[in-house]
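Asker: fold the following, please.
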Amino acid sequence: MSESRREAGAADRGIYDPVYVANLFDRCSSNYRRWSAVSSFGFTFLWRRQCVARLDSPAKQGGVAVDLMAGTGEVWPHLLRQFPNLSTITAIDISHRMHLEAVDRLHGRRADQITHIEADVLVADLPGDYADLVVSTFGLKTFSENQQTVLAQRIAKVLKPGGTFSLIEASDPKGWMLRPVYRFYLDRALPQIERFFLKGANDFSMIGTYTRNFGSCAHMVTALRDAGLDVSEKRHFFGCATSVAGSKPRVPDS
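Answerer: Have a look, this model is predicted:
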């Protein structure tokens, strides 16, 4: 683990420690695709599609997309469907087993379009002004506010001027009439279902803790604006998910 990541997470031990996060997703990697879809009643598929829909077209033919906290690549079909001329998707994830699960899916037409990097996104060695598009689906909640601030700066660095980004995350729908039902499902019902069907596992049920702490994309909105990006926020299904999208301003012609 790099020194800069240790500094960013110095006050964020426990569930935000990068070693803890990597181990958590290593354990649940083999069930991730199926269980996340089932436990969310299919909303993760819908929200990924809506997240990609918030991206503008690549700046040019053969653009480059970066998928942060890529998991096993569920967003790639949405990206390739909306942007068929993408030359490369650079997918980054800290989990070794998530990396292996994703590599197993690199067949057919995806094989020559996707480069997977097993790395901590906060310190991954990506050049500046590299990406036409940056996307992230359901990785933000595993970052503390301090780490989100660092992530926003990384996004601002990697985007080309005029490049666009879209990030979405499961959230805590405060103010929604049915929030108590939603919280009961995440905090009480989901852990019991997981233990029964996944032989005592208690990993996916961490979403309850993460979403409660995360709240919404509000802090990420501020961090991205402070990093110099144009930003807009959106609520999905009464705030059960929130997304943030925008662009990096173009450099004025001299």
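
Asker: make it CA atoms for all contacts and neighbour counts henceforth
Answerer: OK.

Asker: near residue 186, how many other residues are there?
Answerer: Neighbour count of residue 186, defined by other CA atoms under 10 Å: 22.

Asker: I figured it hits residue 208, correct?
Answerer: Yes. Between residue 186 and residue 208 there is a contact under CA atoms under 8 Å: 4.9 Å.

Asker: what about the helices in this protein?
Answerer: For the chain, the helices defined by DSSP state H cover 3-8, 18-28, 32-39, 43-53, 76-82, 96-104, 145-158, 179-184, 190-197, 206-214, 218-226.

Asker: is it true that residue 87 touches residue 63?
Answerer: Yes. Using CA under 8 Å, residue 87 makes contact with residue 63 at a distance of 5.6 Å.

Asker: between these two, which is the more surrounded one?
Answerer: Applying other CA under 10 Å to residue 87 and residue 63 shows that residue 63 carries more neighbours, namely 20 against 16.

Asker: apart from its chain neighbours, what residue comes closest to that one?
Answerer: In space, and not counting its chain neighbours, residue 63 is closest to residue 86: 4.8 Å by CA to CA, 6 or more residues apart in numbering.

Asker: look up phi and psi at that neighbour.
Answerer: Note on residue 86: backbone dihedrals following degrees, to the nearest 10 are phi -60, psi 130.

Asker: burial of it, as a residue count?
Answerer: By other CA under 10 Å, 22 other residues sit near residue 86.

Asker: residue 66 is in contact with that one, correct?
Answerer: No. Residue 86 is beyond contact range of residue 66, at 10.8 Å (criterion: CA under 8 Å).

Asker: name the helices or strands packed onto the strand ranked longest in the chain?
Answerer: Criterion DSSP state E: the longest strand present in the chain is strand 159-170. Using 3 or more CA pairs under 8 Å, 6 or more residues apart in numbering; DSSP states H and E, the elements in contact with strand 159-170 are helix 43-53, strand 131-137, strand 241-247.

Asker: mind listing residues that contact stretch 102-118?
Answerer: Identification of contacts with stretch 102-118 by CA atoms under 8 Å, 6 or more residues apart in numbering yields 71-73, 86-96, 99.

Asker: looking at the residues you listed, spot the one nearest residue 225.
Answerer: The closest of the contacts of stretch 102-118 to residue 225 turns out to be residue 92 (CA to CA; 23.1 Å).

Asker: which pLDDT value belongs to the closest residue to the closest one other than its chain neighbours?
Answerer: Using CA to CA, 6+ apart and skipping the chain neighbours, the partner closest in space to residue 92 is residue 117 (4.8 Å). What the model reports as pLDDT for residue 117 is 90.

Asker: how about residue 65: which residues does it bridge to?
Answerer: residue 89, residue 133 (DSSP bridges).

Asker: wait, isn't it in contact with residue 84?
Answerer: No. Assessed by CA under 8 Å, residue 65 is found out of contact with residue 84, at 11.6 Å.

Asker: ok, back up a step: mind checking which of the helices and strands packed on strand 159-170 is nearest residue 171?
Answerer: Comparing those by CA to CA, strand 241-247 comes nearest, at 4.7 Å.

Asker: ends of stretch 85-105, how far apart?
Answerer: 20 Å (CA to CA, to the nearest Å).

Asker: in it, what counts as buried?
Answerer: Buried residues in stretch 85-105, counting neighbours by 16 or more other CA atoms under 10 Å, are found at 86-103.

Asker: kindly report the same for stretch 173-186.
Answerer: 173, 179, 182, 183, 185, 186.

Asker: could you list the residues in contact with the longest strand of the chain?
Answerer: In this structure, residues lying in contact with strand 159-170 by CA under 8 Å, 6+ apart are 47-48, 51-52, 54-56, 58-59, 128-141, 211, 216-217, 240-251.

Asker: helix 145-158 and that one, what's the angle between them?
Answerer: With axes from the mean of the first three to the mean of the last three CA atoms, to 10 degrees defining the directions, strand 159-170 sits at 150 degrees from helix 145-158.
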